[in-house]
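# Next one to model:
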Amino acid sequence: MKKVVPSLLFVMTAAILFITGCSKPQEPQFLGIDNLNINKDGANQSQVSANVRLYNPNDYPLQLIHADIIFLLDDRQAAHCVLDSTINIPKKDSFYIPVSAAVNLNSLFSNALKLLLNGKTKINAEGFVKLKRSGFKFKVPVHYETYQSLDFLKEIN
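Below is the predicted model:
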């Protein structure tokens, strides 16, 4: 009986450590958008690229293996980005994800007066990312909201 109690405590402790060690990673935190570039492809179509800056709040490194995110400007769908590249994410550090998408600017800025009067626009990112840690894959939802100055509109001619 004396040997059973220490063994049981060891098994319970190992199980708790295993469960907490294999818990689902926390969602990366949105820090901002850098290097926003807009290149006109035609009268109604533009190619938008940017680096999305994020922070990994986890105590361990991760790998981003897939992302499927819809970007909205003032609650209107602006772009749909799918990323199938592997990106190494350091622990407790910031990192960048390059995104690129074709955008129909005419449909987005149909209410341009309101946007110009406000001087900024609401940007939402909704979707999911698939992360990998030590061979285990996790699907993490993405729900970001921020406000962006409209200075980038000066580049569109």
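# where do the helices sit along the chain?
Counting by DSSP state H, the chain has these helices, from start to end: 4-21, 105-108, 112-118.
# Look up the closest residue to residue 52, ignoring the ones flanking it.
Nearest-residue entry for residue 52: residue 97, 4.7 Å, with adjacent residues in sequence omitted and distances by Cβ to Cβ, 6 or more residues apart in numbering. Just so you know, the C-beta spots here come from the backbone N, C-alpha and C atoms, and that holds for glycine as well.
# give me every residue that touches the one you found.
Residues in contact with residue 97, defined by Cβ atoms under 8 Å, 6 or more residues apart in numbering, are 51, 52, 54, 64, 67, 83, 87.
# Would you check how far apart it and residue 49 are?
Relative to residue 49, residue 97 is positioned 11 Å away (criterion: Cβ to Cβ, to the nearest Å).
# and what of residue 144?
Separation of residue 144 from residue 49 (Cβ to Cβ) stands at 18 Å.
# more neighbours, the two?
Ranked by neighbour count (other Cβ atoms under 10 Å), residue 144 and residue 49 place residue 144 first, with 18 against 13.
# Tell me the pLDDT of that one.
The score at residue 144 is 82. That number is its pLDDT.
# Repeat that for residue 89.
Residue-level confidence at residue 89 comes out at 91, pLDDT.
# wait, it sits on residue 67?
No - under the criterion of Cβ atoms under 8 Å, residue 89 is not in contact with residue 67, lying 11.8 Å apart.
# returning to what we had before: looking at the helices of the chain, which has the lowest confidence?
Among the helices of the chain, helix 4-21 has the lowest mean pLDDT, at a mean of 52.
# where's the residue nearest to residue 52 relative to residue 44, distance?
When Cβ to Cβ is applied, the distance between residue 97 and residue 44 equals 27 Å.
# ditto for residue 120
Taking Cβ to Cβ as the measure, residue 120 falls 24 Å from residue 44.
# hang on, the earlier thing: JSON lines for the contacts of residue 97, including distance to residue 32 and neighbour count?
Compiled in JSON lines, the contacts of residue 97 are given as follows (distance: Cβ to Cβ, whole Å; neighbours: other Cβ atoms under 10 Å):
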{"residue": "51", "distance to residue 32": "9", "neighbour count": "16"}
{"residue": "52", "distance to residue 32": "8", "neighbour count": "22"}
{"residue": "54", "distance to residue 32": "9", "neighbour count": "23"}
{"residue": "64", "distance to residue 32": "18", "neighbour count": "21"}
{"residue": "67", "distance to residue 32": "17", "neighbour count": "22"}
{"residue": "83", "distance to residue 32": "18", "neighbour count": "18"}
{"residue": "87", "distance to residue 32": "17", "neighbour count": "17"}
